[in-house]
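# sequence-free structure coming up:
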């Protein structure tokens with residue numbers, strides 16, 4: 001009987017200490033980590049103001065690569081939401097939802113997950129830094145409240161290690177991810193793009209000639225395009241075809257001195273509305289360097305650009321930067337429709353539609 005009483009007393013002392021220590025422990029926790037990147041502010045802000053690239057930097061995906069992700073709400077800004085579901089007991093189900101968004105300054109996100117605590121929030125604060133403010137300092141903070149949940153307060157002892165390590169790892173992965181994005185501000189005069197969008201491109205029939213590597217001069221590029229257009233014109237006439245839109249240039253490599261590209265012409269049977277769902281029967285003379293390609297419907301990043309042909313390389317990379325920042329993966333080669341013809345494309349008034357296919 002004495003031993004039972006002693007055990008109960010000891011148990012009471014332990015319980016009392018548990019309560020006393022628990023009451024003394026903080027009822028909330030706050031953690032902050034920072035990292036710096038040399039990407040443009042526009043790219044960094046658009047990355048954290050959307051959850052489309054969550055899978056590319058958040059450590060959650062390292063614990064369970066098979067976790068199911070579901071996006072809802074707008075693509076970016078307040079209301080953009082990501083729900084996740086994992087069979088891993090430590091992850092379970094949860095969500096991230098953007099609740100505040102201040103352009104180029106701060107994005108706040110509400111978090112729900114199975115861990116103890118409530119009012120879980122994280123935010124990204126962006127600050128120009130470095131010489132001339134060329135770099136961006138990304139500061140991520142995390143806060144959580146436990147109230148008078150003593151078990152939660154004890155769990156808070158490990159927040160710095162568990163959540164803090166995740167913040168460090170996540171920011172490091174984000175910086176590495178940002179380093180793969182072309183460092184072009186697609187919302188300024190550096191790359192004056194308009195009508196940025198992901199669109200559904202219809203099926204097309206193309207006649208294509210590979211121009212090879214030519215000198216990056218107006219005269220050589222113009223001559224190459226016109227010579228190859230002549231080949232395409234002959235094939236069109238021999239097959240009762242007509243143009244289905246402006247010619248386009250498909251870029252292979254835009255080097256310092258040389259430009260490797262293909263000349264392509266969308267075509268259709270004379271008198272028809274456009275490309276058919278099935279491939280055309282096109283006969284090509286054995287000596288013509290022309291090939292016929294039927295392009296299936298696909299998704300593509302698209303933008304309009306007005307300016308000299310020399311600015312197209314920056315414009316193409318700006319479109320790619322915008323597309324990948326929004327969580328899209330670009331594939332194949334980029335191309336432009338030269339809406340103003342050949343000669344006028346070497347003037348500031350030239351207009352183009354730029355495309356880069358995405359998965």
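That came in fine, so what should we check first? All figures in this text were calculated on a predicted structure; none of them were measured in a lab.
# Hmm, residue 84 is touching residue 93, no?
Yes - using CB atoms under 8 Å, residue 84 is in contact with residue 93, at 6.9 Å. Glycine gets a C-beta too; all of them are placed from N, C-alpha and C.
# neighbour-wise, which of the two wins?
Legend: neighbour count by other CB atoms under 10 Å for residue 84 and residue 93, higher for residue 84 (22 against 13).
# if I pick that one, what's in contact with it?
60, 67-70, 91, 93-95 (CB atoms under 8 Å, 6 or more residues apart in numbering).
# helix, strand or coil for it?
At residue 84 the chain is in strand, as set by DSSP: H, G, I helix; E, B strand; the rest coil.
# And residue 284, by the same measure?
coil.
# Quickly find the element holding the residue nearest to residue 308 when sequence neighbours are not counted.
Spatial nearest neighbour of residue 308, excluding adjacent residues (CB to CB, 6 or more residues apart in numbering): residue 348 at 5.6 Å. Of the helices and strands defined by DSSP states H and E, none includes residue 348.
# any idea how far residue 348 is from residue 189?
13 Å (CB to CB, to the nearest Å).
# Look at the two and report which has more neighbours.
Higher neighbour count among residue 348 and residue 189: residue 348, with 9 against 6, using other CB under 10 Å.
# Any chance of the backbone angles for that one?
Torsion angles at residue 348 (phi, psi; degrees, to the nearest 10) stand at phi -70, psi -20.
# And residue 37, by the same measure?
Main-chain torsions, residue 37, degrees, to the nearest 10: phi -130, psi 150.
# so it makes contact with residue 139?
No - using CB under 8 Å, residue 37 is not in contact with residue 139, being 11.9 Å away.
# which one of these two has more residues nearby?
residue 37 (25 against 16).
# can you give me the strands in the stretch 201-350 of the chain?
Remark: strands assigned in the stretch 201-350 of the chain by DSSP state E, counting those that start in this stretch are 204-215, 241-243, 248-254, 258-269, 291-295, 298-306, 335-338.
# most neighbours per residue, which of those?
strand 335-338 (a mean of 22; mean count of other CB atoms under 10 Å).
# That one - contacts with which helices or strands?
strand 248-254, strand 351-357 (3 or more CB pairs under 8 Å, 6 or more residues apart in numbering; DSSP states H and E).
# okay if I get the ones you listed as TSV plus distance to residue 47?
Converted to TSV, the helices and strands packed on strand 335-338 look like this (distance: least, CB to CB, whole Å):
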stretch	distance to residue 47
strand 248-254	26
strand 351-357	19
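# now these as TSV including distance to residue 126 and mean pLDDT?
Listed next are these as TSV, based on distance: least, CB to CB, whole Å; pLDDT from 0 to 100:
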stretch	distance to residue 126	mean pLDDT
strand 248-254	31	95
strand 351-357	27	97
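# related to what we said a few turns ago, test my guess that the residue nearest to residue 308 contacts residue 305.
No - applying CB under 8 Å as the test, residue 348 and residue 305 come out as separate, 11.4 Å apart.
# and the closest residue to residue 278 other than its chain neighbours, what does it touch?
Among residues not flanking residue 278 along the chain, residue 294 sits closest, at 7.7 Å (CB to CB, 6+ apart). Going by CB under 8 Å, 6+ apart, residue 294 touches 203-206, 275, 278-280.
# how much space is there between residue 294 and residue 280?
7 Å.
# tell me, what's touching those two both at once?
With CB under 8 Å, 6+ apart as the test, residue 294 and residue 280 both reach residue 205.
# where are the low-confidence patches of the stretch 251-359 of the chain?
Within the stretch 251-359 of the chain, the stretches with pLDDT under 70 are 274-277.
# switch the cut-off to 90
Within the stretch 251-359 of the chain, the ranges that satisfy pLDDT under 90 run 255-256, 270-282, 284-288, 343.
# Can you report how many residues neighbour residue 50?
With other CB under 10 Å as criterion, residue 50 counts 22.
# Quick check: it touching residue 326?
Yes - judged on CB under 8 Å, residue 50 makes contact with residue 326 at a distance of 6.6 Å.
# what touches both of these two?
Taking CB under 8 Å, 6+ apart as the criterion, residue 50 and residue 326 both touch 75-76.
# mind listing the helices in this protein by residue range?
2-24, 41-48, 54-57, 60-63, 150-155, 159-178, 218-238, 312-325 (DSSP state H).
# Quickly, which of those helices bottoms out on average pLDDT?
Looking at those, the lowest mean pLDDT belongs to helix 150-155 (a mean of 47).
# related to what we said a few turns ago, max pairwise distance over the contacts of residue 294: which two?
Largest separation among the contacts of residue 294 by CB to CB: 206 and 278, giving 14.7 Å.
# Not counting its neighbours along the chain, what's nearest residue 168?
That would be residue 33: by CB to CB, 6+ apart, it lies 5.3 Å from residue 168.
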